[in-house]
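Student: Okay, here's the prediction I keep looking at, along with the sequence it came from:
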Amino acid sequence: MCTVIISVPETSGGGAVRLLAVRDEDPDRPWNRLGPWWDDAYEGVVGIRDVRAGGAWMAADPVARRVAVLLNRHDLSDRPDSAVHTRGSVALESVAGRSPAGAPMTRGFNLVEVTGRRARVVSWDGLILSATELATGVHMVAHDDVDDQRSPRIARWLADFRAASPDEWMTVLDRSAELDPADPAAIIRRDSYEGIRSYSLVVVSAVVDDDGVDVHDAPLADPGHWPPIAGS
């Protein structure tokens with residue numbers, strides 16, 4: 001399961017939204033690094049592409065100053081697989097200005113959306129769609145609610161990220177990686193979910209301010225093991 005750390009500035013100030021996201025996925029599922037993979041349908045959008053489905057785990061539109069990151073969430077519905085579609089278009093549609101609405105025909109998700117200096121999390125559990133506006137400060141999102149202390153990694157690390165400046169977040173991530181990657185409190189993970197391997201594959205950082213979006217990716221050389229590839 002993926003993890004997002006996000007800092008939201010005062011809306012009246014000149015600060016930036018800062019975001020750090022860790023993607024967990026089956027290491028055998030092919031994916032592409034940050035790039036403009038969808039110019040035919042989403043001109044100017046860059047993101048991390050899932051090769052199999054063609055969609056995005058995260059996407060950014062620098063001109064519109066939008067970023068979206070998709071995290072899986074437990075689906076409470078009894079819909080069969082034949083009744084749902086891939087979640088791959090959710091982040092792409094979000095940065096195009098089309099947030100989820102109604103009853104999405106996908107499995108559950110948490111969608112972190114950044115627009116300018118504002119951020120929110122849109123949650124879908126297969127039954128209810130809801131949105132949480134993020135207050136000024138630092139928040140963590142995984143597979144439950146925002147800042148949910150039921151998530152061991154949030155319970156263990158949220159206070160540390162709040163105590164650090166965003167420029168120091170990678171140092172906190174370094175410390176978190178000292179845990180065994182199968183530890184429930186680990187952020188850099190090497191685990192399984194519903195019988196499918198879920199390993200940390202890439203870290204993405206983003207800054208959203210008046211100048212647009214500055215986004216970078218850092219793949220892990222060995223899935224589920226720190227650190228990322230040098231120089232990424």
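Tutor: The structure has been received and is ready for your questions.
Student: drop to CA atoms for contacts and neighbour counts, all remaining ones
Tutor: OK.
Student: Would you point out which residue is most central in the chain?
Tutor: The centroid of the chain falls nearest to residue 69 when counting by CA atoms, centre = their mean (3.7 Å).
Student: ok, that residue - contacts?
Tutor: 21, 57, 58, 59, 91, 111, 112, 113 (CA atoms under 8 Å, 6 or more residues apart in numbering).
Student: What is the burial count for the first one?
Tutor: Think residue 21. 23 (other CA atoms under 10 Å).
Student: For residue 13, see how far away the residue nearest to it when sequence neighbours are not counted is.
Tutor: Once flanking residues are discounted, residue 21 sits nearest to residue 4: 4.3 Å by CA to CA, 6 or more residues apart in numbering. To residue 13, residue 4 is 23 Å away according to CA to CA, to the nearest Å.
Student: ok, now residue 157?
Tutor: Taken as CA to CA, the span from residue 157 to residue 13 is 27 Å.
Student: Looking at these two, which has the bigger crowd around it?
Tutor: residue 157 (20 against 8).
Student: pretty sure the more buried one belongs to a helix, no?
Tutor: Yes. Counting by DSSP: H, G, I helix; E, B strand; the rest coil, residue 157 is located in a helix.
Student: Sheet partners, orientation included, of the helix or strand bottoming out on mean pLDDT in the chain?
Tutor: The least trusted helix or strand in the chain, going by mean pLDDT, DSSP states H and E, turns out to be strand 190-193, with a mean of 86. Paired with strand 190-193 in the same sheet, following DSSP bridges, are strand 196-209 (antiparallel).
Student: who's in contact with the partner strand?
Tutor: 1-2, 15-27, 65-66, 114, 116-117, 188-192, 213-220, 222-225, 228.
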